[in-house]
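Visitor: Give me coordinates for this.
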Amino acid sequence: MSGCVAVLATWFALLAASGEGDDRFPRTPPPVEIGSTLDGATLEARDVAGAKHDLAPGGERGAVVLAWTGVDCPMARVYAPRLATIAAGLAGRPVRFFLVGSNAHDSPEELRSFVKTHRMPFPVLDDRDGSLARRLGARRTTHVVVLDARRRIRYRGAVDDQYGYRESGGVGTYRKDAPRRHHLREAITAVLEGRKVEVASTKALGCALAPSVPFPPNPSSPVRGDESDAERPTFHERIEPLIQEHCQPCHRAGGAAPFALTGFDEIRGWAPTIREVVSARRMPPWNADPRHGRFRNDRSLDARTVRLFERWVDVGAPRGDPASAPPPRSWPDGSELGPPDLVLEVPQFRVPATGRVPYRYVTLATSFPEDRWVRAARFRSTAPEVVHHVLAFASDPRPGPGAAERPWTPTFNVFQLLQGADPKDWPRWIERNRAHLWQLRVGNAGGLNGYFLAMLPGDEATVYPPGRAKLLPAGASILLQLHYTPNGVETESRTTLSLWLADGPPAEAVDVRGASTVVFEIPPGASDHRVEARFELPRAARLLSLRPHMHLRGKSFTYLVEYPDGSGDTLLHVPRYDFDWQHEYSLEEPLSLPRGTVLRAVGTFDNSAANPYNPDPTKTVYFGLQSEEEMLIGYFEVIWDQRPSAVSAGSRGQRPDAPESDR
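Guide: Numbers count the residues shown, from 1 in each chain. I've put the predicted structure just below:
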């Protein structure tokens with residue numbers, strides 16, 4: 001009997017997963033397939049202004065392109081200029097373009113503004129109930145369909161392969177310098193020339209559509225049989241506190257994310273996307289293997305929280321009682337620190353709508369005649385959505401007054417960058433990297449030996465606890481490395497760096513160093529090329545945080561520690577490195593390391609065609625500053641013991657009771 005009950009339960013669960021028998025989902029015919037001919041009813045539509053359109057192509061070899069979009073979807077934004085460019089290149093040919101808006105939360109006014117901003121002279125079809133999307137099998141923004149003169153579907157899928165994301169197994173997005181395959185353009189050309197479309201179907205990678213009549217759950221989603229199936233979570237009681245804690249640090253007005261998640265209507269519109277990215281562990285972004293290390297800034301969600309998000313969406317994203325809503329969160333804006341002591345402004349920069357922008361270097365002068373100490377710092381941009389990262393290096397061209405009283409820091413030996421090479425090969429590697437020698441004249445060897453300050457995606461202000469600060473040498477210049485990422489709209493960006501200074505030298509001076517090497521050669525097609533750099537601690541230290549750094553071919557990153565007694569441990573393992581999310585992993589408690597401890601930074605690189613982030617799998621890759629080149633730097637933040645002969649009490653790392661400032 002129990003076996004029959006189990007079979008029946010599974011059958012009902014599968015029916016629910018497919019949408020059959022559920023009144024929330026319309027009983028529409030299945031999506032038409034490639035080569036199918038559309039009926040007249042499907043080809044009649046209205047745009048967001050109410051005008052009627054016949055979607056049937058004209059002429060013997062005419063074509064119609066339907067392109068789904070979304071006002072706030074980052075993928076839709078970067079593909080908007082591409083659609084406009086393709087259409088402009090076909091001017092005078094019998095091709096008509098239509099955008100399709102199938103998100104209930106995208107108003108007609110917002111869609112018209114979107115088209116105007118991106119200069120797309122296309123009608124926008126009003127499909128907020130999702131009927132056209134269902135008929136043509138569209139589930140995402142950036143999905144396109146090409147019809148020929150006989151009203152047949154000849155292509156369905158992605159615009160091209162330039163932009164995308166990792167669909168499972170962690171966060172990860174990619175943007176190539178240019179597409180390798182122009183799927184939409186190739187399909188249109190074939191239709192106009194009466195030829196077969198070679199690639200008739202691809203996968204569109206965009207944001208999940210959210211029509212007013214929900215899509216049935218994806219049949220490929222797992223059918224869960226645990227306790228979460230009995231739950232019917234509501235937004236204000238169960239979901240809103242999670243959104244505030246895990247999403248709003250970036251998804252809020254003025255945050256780093258491309259759209260805000262701060263109200264029920266807005267969040268409900270993103271519910272299908274939220275379910276997808278949470279289930280696939282793409283969001284919140286966090287790359288560390290939970291088996292190694294404990295970090296106080298861990299953003300990952302536990303399995304029960306993931307199930308709670310999934311269940312909320314699956315039962316229709318109910319609102320619940322607004323009286324149960326948590327109070328809105330407030331976010332630090334620097335005012336809690338008081339007025340900054342110094343604000344440095346970067347000249348305005350115009351970020352293009354598309355393409356690759358090489359790193360921009362800007363030098364900012366300071367005017368302090370004596371050493372100063374930074375207790376807090378904040379980078380701010382007028383357009384944070386196009387600023388991928390900022391690194392700051394303090395260049396100290398002269399000792400300056402009081403230099404003798406500065407805290408001890410390790411002397412940088414430039415030859416440590418040649419680790420991994422036989423000394424007899426040093427001349428070859430020096431010649432190989434001659435173009436980068438200027439970088440070594442910048443503070444902290446231009447980042448190879450550490451950095452002064454950093455701002456990466458998701459970072460807030462750097463605020464040190466009482467008693468800690470970072471040295472800003474007298475007369476220092478600050479060199480900024482700015483990396484911009486176009487988002488589909490030409491944007492003016494102005495960045496400022498605000499500094500809050502301590503009254504005097506701190507009890508503990510924070511220092512950032514790096515284990516790095518320029519000695520590596522990644523062969524074409526290599527899918528798992530290993531590179532290692534080491535840093536031996538010349539004094540005892542307390543380790544505060546770790547920040548791996550590689551570029552687009554970075555695959556994994558591991559920090560290993562070897563203690564003087566021969567024992568060792570794994571401090572951090574990042575199995576799927578992601579260039580877009582270069583987290584700083586802040587240890588839950590500082591780790592005391594004795595003198596002679598070796599930190600090993602081990603990275604693997606994927607230079608194969610299977611790596612969608614790879615700019616060119618046919619190229620041999622060496623060290624370089626730009627994203628299409630490579631780096632291996634294992635940054636680590638420490639407080640050095642200022643006693644010359646200091647050795648920790650034990651021969652291996654200890655996690656002492658943290659002082660109040662570390663908690």
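Visitor: hey, let's count contacts and neighbours off CA atoms from now on
Guide: Noted.
Visitor: Run a quick check on Ala133 versus Ser102, I expect a contact.
Guide: Yes. Applying C-alpha atoms under 8 Å as the test, Ala133 and Ser102 come out as touching, 7.0 Å apart.
Visitor: quick one, helices of the stretch 101-250 of the chain?
Guide: Assigned by DSSP state H, counting those that start in this stretch, the stretch 101-250 of the chain shows helices spanning 108-117, 131-136, 183-192, 240-246.
Visitor: of all these, which lies closest to Val159?
Guide: With respect to Val159, and counting by C-alpha to C-alpha, the nearest of the helices of the stretch 101-250 of the chain is helix 183-192 at 5.0 Å.
Visitor: Contacts for that closest one next, please.
Guide: Contacting residues not belonging to helix 183-192 are listed as 61-63, 86, 94, 144, 146, 148, 154-155, 158-161, 196-200 [C-alpha atoms under 8 Å, 6 or more residues apart in numbering].
Visitor: Restricted to buried residues, select these in PyMOL.
Guide: Those of the contacts of helix 183-192 that count as buried under 16 or more other C-alpha atoms under 10 Å are selected in PyMOL with:
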select buried, resi 61+62+63+86+94+144+146+148+154+155+158+159+160+161+197+200
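Visitor: And Ala253, how far from Ala260?
Guide: Using C-alpha to C-alpha, to the nearest Å, Ala253 is found at 6 Å from Ala260.
Visitor: let me fix that: Asp298
Guide: Asp298 is 21 Å from Ala260, by C-alpha to C-alpha.
Visitor: now the end-to-end length of stretch 60-80.
Guide: 28 Å.
Visitor: which of the residues in it are buried?
Guide: 61-80.
Visitor: Likewise for stretch 231-241?
Guide: Arg232, Pro233, Thr234, Phe235, His236, Glu237, Arg238, Ile239, Glu240, Pro241.
Visitor: so of those residues, which ones are in strands?
Guide: Using DSSP state E, no member of the buried residues of stretch 231-241 falls in strands.
Visitor: Same list (those residues) but as CSV, adding pLDDT and distance to Thr618.
Guide: As requested, these are arranged in CSV below (pLDDT from 0 to 100; distance: C-alpha to C-alpha, whole Å):
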residue, pLDDT, distance to Thr618
Arg232, 87, 52
Pro233, 93, 51
Thr234, 95, 51
Phe235, 94, 50
His236, 95, 52
Glu237, 95, 53
Arg238, 94, 50
Ile239, 95, 47
Glu240, 95, 47
Pro241, 95, 48
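Visitor: nearest to Arg329, of those residues?
Guide: Pro241 (9.6 Å).
Visitor: correct me, but that closest one touches Pro328?
Guide: No. Pro241 is beyond contact range of Pro328, at 9.5 Å (criterion: C-alpha under 8 Å).
Visitor: Ala253 and Ala260: who's more crowded?
Guide: Neighbours were counted for Ala253 and for Ala260 using other C-alpha atoms under 10 Å; Ala260 has more, 19 against 14.
Visitor: which element is that one on?
Guide: Using DSSP states H and E, Ala260 is not contained in any helix or strand.
Visitor: circling back: could you tell me which of the buried residues of stretch 60-80 are located in helices?
Guide: Of the buried residues of stretch 60-80, the ones assigned to helices by DSSP state H are Pro74, Met75, Ala76, Arg77, Val78, Tyr79, Ala80.
Visitor: Going by distance to Ile639, which of those residues wins?
Guide: Of those, the one sitting nearest to Ile639 (C-alpha to C-alpha) turns out to be Pro74, at 39.9 Å.
Visitor: So the closest one is in contact with Ala208, correct?
Guide: No. Taking contacts as C-alpha under 8 Å, Pro74 lies outside contact range of Ala208: 11.7 Å.
Visitor: which non-adjacent residue is nearest Arg156?
Guide: Counting by C-alpha to C-alpha, 6 or more residues apart in numbering, Arg156 lies nearest to Val145, which is 4.5 Å off, once chain neighbours are set aside.
Visitor: what's across from that neighbour in the sheet?
Guide: Note on Val145: beta-bridge partners by DSSP bridges are Leu66, Arg156.
Visitor: roughly how far apart are it and Ala394?
Guide: 52 Å.
Visitor: Sketch out the low-pLDDT regions of this structure for me.
Guide: Scanning the chain for pLDDT under 70 picks out 1-30, 58-59, 167-172, 216-230, 333-334, 396-404, 441-444, 446, 457-459, 645-663.
Visitor: outside of stretch 606-625, which residues touch it?
Guide: Taking C-alpha under 8 Å, 6+ apart as the rule, stretch 606-625 contacts 173-177, 433, 436, 518-529, 552-555, 628-631.
Visitor: Among these, which are located in helices?
Guide: Using DSSP H, none of these sit in helices.
Visitor: which residue is nearest the middle of this structure?
Guide: Most central in the chain under C-alpha atoms, centre = their mean is Asp580, positioned 4.1 Å from the mean C-alpha point.
Visitor: wait, doesn't that one sit right on Arg175?
Guide: No. In this structure, Asp580 is not within contact of Arg175 by C-alpha under 8 Å, at 10.2 Å.
Visitor: who touches Val343 in this structure?
Guide: Thr496, Leu497, Ser498, Leu499.
Visitor: name the helices or strands packed onto the strand or helix carrying the last one?
Guide: What it means is Leu499. Leu499 is part of strand 495-501, with elements assigned from DSSP H and E. Judged by 3 or more C-alpha pairs under 8 Å, 6 or more residues apart in numbering; DSSP states H and E, strand 495-501 is in contact with strand 342-345, strand 372-381.
Visitor: got the angle for the following helix or strand past that strand vs strand 372-381?
Guide: Under the assignment DSSP H and E, the closest C-terminal helix or strand after strand 495-501 is strand 508-516. For strand 508-516 against strand 372-381, the angle by axes from the mean of the first three to the mean of the last three C-alpha atoms, to 10 degrees is 60 degrees.
Visitor: Off-centre distance for strand 508-516?
Guide: Per C-alpha atoms, centre = their mean, to the nearest Å, the displacement of strand 508-516 from the mean C-alpha position of its chain is 25 Å.
Visitor: Then stretch 317-332?
Guide: 26 Å.
Visitor: Check stretch 559-572 too.
Guide: Worked out by C-alpha atoms, centre = their mean, stretch 559-572 lies 30 Å from the chain centre.
Visitor: And stretch 300-320, by the same measure?
Guide: The answer for stretch 300-320 is 23 Å, by C-alpha atoms, centre = their mean.
Visitor: same question, stretch 429-443
Guide: The answer for stretch 429-443 is 30 Å, by C-alpha atoms, centre = their mean.
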